[in-house]
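Student: need a structure here:
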Amino acid sequence: MTLSGWMLILVFIGLIIACARPVGAVLFRLYDDRPLPLEAGLYHLIGAGPREQSWIGYAAAVLAFNVAGIALLFTILKLQNVLPLNPQGFGGMDSWLAFNTAVSFVTNTNWQNYGGETTLSHFSQMAGLTVQNFLSAATGIAVAFAFIRAFARQGGGTGVATIGNFWTDVTRVTLYLLLPACMVLTIAYVAMGVPQTLTASVNATTVEGARQTIALGPVASQLAIKMLGTNGGGFFNVNSAHPFENPTALSNLLQMLTIFVLGAGLTLTFGKAVGNLRQGWTILAAMLALFLVGVTVIYWAEAAGNPVHHALGLAGGNMEGKEVRFGLAATALFAAVTTAASCGAVIGMHDSLVPLGGLVTMFNMQLGEVIVGGVGAGFYGILIYAILSVFVAGLMVGRTPEYVGKKIEAREMKLAVIAIAILPLFILGLTAIATVAAPGLAGPLAKGPHGFSEILYAYSSAVANNGSAFGGLTGNTPFYNITLAIGMFVGRFGAILPALAIAGGLAGKKKLPDGPGSFPTTGVLWIGLLAAIILIVGGLTFLPSLALGPIADHFQVAAGTLN
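Tutor: This is a model prediction of the structure:
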């Protein structure tokens, strides 16, 4: 580990803290009920007015919108051979792969069982994937807005509690936030050297004199929303390790910042909405504390190196699978950022991390992507953990638990447990099936603990809607295309539906002032309790599987044994 490496990590955290408040203010303006320009015409065009919805109406709109998105993207991928902007002449995608890809991009997962530059036309990349990058990100933020309203509204009325309007929220987020921000980011990336063209490729002569065909395309525009929307799907097969997607150290830092910035800003939006910014800062502090622990372990483990390499006389850190342009510290930081958020973009192969480094990236996802997490998804995910934590705190002080003035009762607790349990149920369940079924066992490249880690990582990534992978797994098979798609869909909407149900119940409750028996939820004690609950629930749930995978792999490597 080096001083410059630690400076990079600390500067990154400092920049996220500095950006959180202004970004939170922008998000709050979109969350607010005050009308914005152009809205009325758009609502008239799409046939959806700004009328408030109950949680059931909101959830129905979310499901209908996203199922339609899956059908549209599947159709584009299957018919890309007859659609325009296909200078490469690619044929239609295989049905199971198209199904997996459609579910992947609509659920904000962006798991890719294909190489982008060798499979997809420009039309599929732009009208298919990039469009869903915008819409899946907007959906996550819209659900976060609905959840914030549940705590911010006074409630106590006699009518059906409402939590906003999905069509209004998704339109505002797309039109006034994601589109303008990505226009600016696209120009910035082009200035840094990222291609933005409809040309299919360019021929070059290497220094050895060989001819090489280099794929090109509308990379910068997809890169902008890929990072800002925590999507992660790369235009190229090697993702952000490709010099066209990530040409410089500055572009690398910008990509990491855009992965975190909206998730961090939502915490301050929440604080402003409930009338107490300290609530937002507290949630952000818990997120960043968990993140700092994770990145520290990855950086330490990678800098310590691989004992097997050391035994061969190769001293130093573990540079296997890393871009020398970025080095150990930047790769460790990027790995922690992309798995703490549900992004999935990579600048190094996670399969090549030492076992403890790979464990942290896997555990980040298994915690439910609540360490900043996906845009919107990470925020309502950590609020569900806050509900669980305040319930535990309520038991300690012997009174009905409350959070920001709303009573947490049996209904909320049951729904919170369902939302939290969905993720481990499907990660561990699908992993178990894959490790006993012949098609599942055919997937991993390695055997033994590392091969198990490849399978466990894949389902952790899919159900947590992350999208990154241990590179050793062959995922483009009917078995993995189907099971991973199931995991992605359930992981996304299995959390959204109970979250919206919680929001519907809380929105109808009156806000209560803090009393002498209220548990404080803005101090260091609360940060520690919230972080501890997240770690304990994740640890108790996943420790046995981690012991079979990366922990066993660590002891094998330490003993000089290879799979």
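Student: now do the strands in this protein.
Tutor: 201-205, 211-215, 402-403, 406-407 (DSSP state E).
Student: tell me what angle the first one forms with strand 211-215.
Tutor: For strand 201-205 against strand 211-215, the angle between stretch directions is 150 degrees (axes from the mean of the first three to the mean of the last three CA atoms, to 10 degrees).
Student: mind exporting strand 201-205 as PDB, just the C-alpha atoms?
Tutor: Taking Å, rounded to 0.1, in the frame of the first residue of the first chain, the C-alpha atoms of strand 201-205 are listed here in PDB:
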ATOM      1  CA  SER A 201     -14.600   0.100 -37.000                       C
ATOM      2  CA  VAL A 202     -11.200   1.400 -38.100                       C
ATOM      3  CA  ASN A 203      -8.200  -0.500 -39.400                       C
ATOM      4  CA  ALA A 204      -4.800   0.100 -37.800                       C
ATOM      5  CA  THR A 205      -1.300  -1.200 -38.300                       C
END
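Student: what packs against it?
Tutor: Helices and strands touching strand 201-205, as assessed by 3 or more CB pairs under 8 Å, 6 or more residues apart in numbering; DSSP states H and E, comprise strand 211-215. Every residue, glycine included, has its C-beta placed from N, CA and C.
Student: residues making contact with stretch 274-290?
Tutor: Residues outside stretch 274-290 that contact it (CB atoms under 8 Å, 6 or more residues apart in numbering): 13, 16-17, 20, 24, 148, 151-152, 263-264, 267-272, 340, 367, 370-372, 378-379, 382-383, 386, 404-405, 521-523, 526-527, 530-531, 534-535.
Student: where does pLDDT dip in the stretch 251-400 of the chain?
Tutor: For the stretch 251-400 of the chain, no stretch is flagged by pLDDT under 70.
Student: how many neighbours does residue 442 have?
Tutor: By other CB atoms under 10 Å, 12 other residues sit near residue 442.
Student: go on, residue 60?
Tutor: 14.
Student: so what's it up against?
Tutor: For residue 60, no contacting residues are found, by CB under 8 Å, 6+ apart.
Student: just the buried members of the contacts of stretch 274-290?
Tutor: For those, a burial check counting by 16 or more other CB atoms under 10 Å picks out 13, 16, 20, 24, 148, 151-152, 263-264, 267-272, 340, 367, 370-372, 378-379, 382-383, 386, 404-405, 521-522, 526-527, 530-531, 534.
Student: rewinding a little: so which of the strands of the chain is the most surrounded?
Tutor: strand 402-403 (a mean of 22; mean count of other CB atoms under 10 Å).
Student: ok, and what's touching that strand?
Tutor: 151, 386, 387, 390, 394, 408, 512, 518, 519, 521.
Student: which of the residues you listed has the most neighbours?
Tutor: When neighbours are counted by other CB under 10 Å, residue 386 leads the contacts of strand 402-403 with 26 neighbours.
Student: just checking, that residue touches residue 529?
Tutor: No: assessed by CB atoms under 8 Å, residue 386 is found out of contact with residue 529, at 9.7 Å.
Student: so residue 69 is in contact with residue 107, correct?
Tutor: No: distance between residue 69 and residue 107: 9.4 Å, which falls outside the contact criterion (CB under 8 Å).
Student: for the worst-scoring helix or strand of the chain on mean pLDDT, packing partners?
Tutor: Ranked by mean pLDDT, DSSP states H and E, the weakest helix or strand in the chain is helix 39-46, scoring a mean of 76. Helix 39-46 sits against helix 166-172, with contacts defined as 3+ CB pairs under 8 Å, 6+ apart.
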